[in-house]
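K.L.:
pasted the sequence and its predicted model underneath.
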Amino acid sequence: GENVEQHPSTLSVQEGDSAVIKCTYSDSASNYFPWYKQELGKGPQLIIDIRSNVGEKKDQRIAVTLNKTAKHFSLHITETQPEDSAVYFCAALPPDSSYKLIFGSGTRLLVRP
Amino acid sequence: GAVVSQHPSWVICKSGTSVKIECRSLDFQATTMFWYRQFPKQSLMLMATSNEGSKATYEQGVEKDKFLINHASLTLSTLTVTSAHPEDSSFYICSASQRWEGSYNEQFFGPGTRLTVL
């Protein structure tokens, strides 16, 4: 079955710098890749997603890139702000999975003021 | 995005009692709802998938008699933790998805329910 690996597990950046989180997946047939932000004590919030027919998607300071050949996708956050501090999860949706997402292990991002 | 609510946001109960958690999609009809469990500093662990009007599908290792799931309408699913014990203490999160044949819609998460069993 699908397996998603996420790196790094923790990331500390200075306010204003960029942050990059990477995920790799094993099932080449997976076709949907969302990213979630989870703040302490809250549920995950969808921040951006990408489908397999697209290589890159951007929404203001957040972008996601997908490399289907290498089976990896990345989250890019530019001009980081302290409020970006949270845990970020990537996920992949394999086909014929009853729409069950497979999650990465999470990255704890700390943006230092 | 769509809004999913959960109630209660936190609950403390005595060992041996049952606790019901509600998950509602507020502005869309959810054909599928998912229940997750999350331990501190860990990823989300899928417990079961719930489709409206049918029995839930449980993940391997999840006791269906202990975690009762009901998805009676397109906007409401409930998780009942029966005969709760301290090891059931966790953060329970639901998500809701709307989908139709050949397509997939985003999965939206509720705010979570913190369960503490004394």
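P.N.:
Looks like it came in fine.
K.L.:
leaving out sequence neighbours, find the closest residue to the residue nearest the centre of chain B.
P.N.:
Among the residues of chain B, B:Trp35 comes closest to the average C-alpha position under CA atoms, centre = their mean, at 3.2 Å. Distances taken as CB to CB, 6 or more residues apart in numbering or on different chains place B:Met47 nearest to B:Trp35, at 4.6 Å, with adjacent residues excluded. For glycine as for every other residue, the C-beta is placed from the backbone atoms N, C-alpha and C.
K.L.:
same question, A:Leu110
P.N.:
Of all residues not flanking A:Leu110 in the chain, A:Ser12 sits nearest, at 4.6 Å (CB to CB, 6+ apart).
K.L.:
mind checking which helix or strand that neighbour is in?
P.N.:
Assessed by DSSP states H and E, A:Ser12 sits inside strand A:10-14.
K.L.:
in contact with the residue nearest to B:Cys23 when sequence neighbours are not counted, which residues?
P.N.:
Leaving aside its sequence neighbours, B:Cys23 sits nearest to B:Cys94 (CB to CB, 6+ apart; 3.4 Å). Going by CB atoms under 8 Å, 6 or more residues apart in numbering or on different chains, B:Cys94 touches B:Val4, B:Gln6, B:Ile21, B:Cys23, B:Met33, B:Phe34, B:Trp35, B:Tyr36, B:Ser77, B:Leu79, B:Phe109, B:Gly110.
K.L.:
how about B:Gln42?
P.N.:
Contacts for B:Gln42 (CB under 8 Å, 6+ apart) come out as A:Ser105, A:Gly106.
K.L.:
do you know the pLDDT at it?
P.N.:
At B:Gln42, the model reports a pLDDT of 92.
K.L.:
check the one 5 residues further on too.
P.N.:
At B:Met47, the model reports a pLDDT of 96.
K.L.:
against chain A, how distant is it?
P.N.:
B:Met47 is 11 Å from chain A, where distance means CB to the nearest CB, to the nearest Å.
K.L.:
counting neighbours, what do you get for that residue?
P.N.:
24 (other CB atoms under 10 Å in any protein chain shown).
K.L.:
burial count for the residue in chain B that chain A sits nearest to?
P.N.:
Going by CB to the nearest CB, chain A is nearest to B:Phe109 of chain B, at 4.1 Å. By other CB under 10 Å, 23 other residues sit near B:Phe109.
K.L.:
with A:Gln6 instead?
P.N.:
20.
K.L.:
which pLDDT value goes with the spatially closest residue to A:Tyr36 that is not a sequence neighbour?
P.N.:
In this structure, A:Tyr36 finds its nearest non-sequential neighbour in A:Pro44, 3.6 Å apart by CB to CB, 6+ apart. A:Pro44 carries a pLDDT value of 96.
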